[in-house]
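**Student:** give the three-dimensional model of this entry:
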Amino acid sequence: MSEITVTARARAKSGKEKELEDALRAVTGPTHAETGCRRYAVHRDLQDKSSFLIVERWASIADHQAHMATPHVQELFRKVPGLVAAPPEILTFELLPMGDRSKGTL
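**Tutor:** Next up, the predicted model:
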């Protein structure tokens, strides 16, 4: 199976922006240490500080599924409902190689 890219978008409830950022920060180190994690990067919108985007790249779907079952992600899932305005949007993609490989991949 080829690598996958996962994006997750979340909007913090008003006044919960720092708590959501801290919760995402807490899972980043353990996630980086996981088998198959190629990239796990948290971003915040420049215009809307309540809007977060997580971009992930995994060696396989199985590695991402294992990530979702880890204790640190399960703890994040327990916290998230109280921190976000709506359920996060999580999308999974396959890469379509095009052009210069060094510029066409994450």
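**Student:** ok, which stretches of this protein are strands?
**Tutor:** 4-11, 37-44, 51-58, 89-94 (DSSP state E).
**Student:** show me what the first one is packed up against.
**Tutor:** Pointing back at strand 4-11 there. strand 51-58, helix 61-68, strand 89-94 (3 or more CB pairs under 8 Å, 6 or more residues apart in numbering; DSSP states H and E). All C-beta atoms are positioned from the backbone trio N, CA, C, and that covers glycine.
**Student:** could I get the strands of the chain as TSV with distance to Pro71, mean neighbour count and mean pLDDT?
**Tutor:** Shown next, in TSV, are those (distance: least, CB to CB, whole Å; neighbours: other CB atoms under 10 Å; pLDDT from 0 to 100):
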stretch	distance to Pro71	mean neighbour count	mean pLDDT
strand 4-11	18	18	98
strand 37-44	15	16	98
strand 51-58	18	18	98
strand 89-94	19	11	97
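**Student:** tabulate those (TSV), appending distance to Asp22.
**Tutor:** Formatted as TSV, the strands of the chain follow (distance: least, CB to CB, whole Å):
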stretch	distance to Asp22
strand 4-11	13
strand 37-44	11
strand 51-58	12
strand 89-94	20
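**Student:** I'm done for today, thanks for sticking with me.
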